[in-house]
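Student: structure here, sequence nowhere to be found:
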């Protein structure tokens with residue numbers, strides 16, 4: 001049994017903590033200036049809560065935008081809830097931090113990407129994450145992927 005430092009998971013925890021800190025500030029004070037977020041998340045994550053029609057339309061991943069209108073932002077240690085408008089239809093969502101795949105604030109050209117790779121199942125590291133996945137190192141997301 002070889003002990004190792006799992007820098008990928010440590011970095012992901014730190015990046016998710018950053019997202020939590022940003023959203024906590026937004027919850028208390030609102031979005032400042034031109035800041036806005038594109039948040040892509042895994043709709044198959046067991047703790048994601050979205051309307052059935054949204055999960056039918058986005059069966060694997062979905063990108064939401066927090067910009068001009070959002071309501072009921074509630075930030076917790078595990079994720080956040082928010083009501084967003086989909087074609088004049090407000091819908092509540094709950095997104096756990098570990099379901100987030102990308103978090104981008106185009107106003108300041110900031111972005112995070114979370115990647116995971118499936119483990120081959122023979123992980124004998126006692127300090128490993130309970131999810132049987134090893135996280136790849138986080139990387140900054142190119143804003144070109146969000147431009148049309």
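Tutor: Structure's in. What do you need? Since the structure is predicted, the reported quantities are computational estimates derived from the model, not experimental observations.

Student: and the most centrally placed residue in the chain, what are its bridge partners?
Tutor: Among the residues of the chain, the smallest C-alpha distance to the mean C-alpha position (C-alpha atoms, centre = their mean) belongs to residue 100, namely 2.1 Å. Using DSSP bridges, the bridge partners assigned to residue 100 are residue 41.

Student: now the one 4 residues further on
Tutor: Beta bridges link residue 104 to residue 38, residue 111 when assigned by DSSP bridges.

Student: that one reaches residue 35, doesn't it?
Tutor: No - between residue 104 and residue 35 there is no contact, the gap being 11.1 Å when judged by C-beta atoms under 8 Å. Using the backbone N, CA and C atoms, a C-beta is placed for each residue, glycine as well.

Student: when these two are compared, which one has more neighbours?
Tutor: residue 104 (24 against 16; other C-beta atoms under 10 Å).

Student: residues contacting the residue nearest to the centre of the chain?
Tutor: With contacts defined as C-beta atoms under 8 Å, 6 or more residues apart in numbering, the neighbours of residue 100 are 16, 19, 39, 40, 41, 42, 114.

Student: residue 72: which of those is nearest?
Tutor: In terms of C-beta to C-beta, no member of the contacts of residue 100 lies closer to residue 72 than residue 39, at 15.7 Å.

Student: per-residue pLDDT, that closest one?
Tutor: Predicted confidence (pLDDT) at residue 39: the value is 96.

Student: then residue 88?
Tutor: In this prediction residue 88 is given a pLDDT of 85.

Student: got the buried residues for whichever strand or helix holds residue 21?
Tutor: In this assignment (DSSP states H and E), residue 21 forms part of helix 7-29. Applying a neighbour-count criterion of 16 or more other C-beta atoms under 10 Å, one finds 8, 9, 11, 12, 15, 16, 19, 20, 22, 23, 26 buried in helix 7-29.
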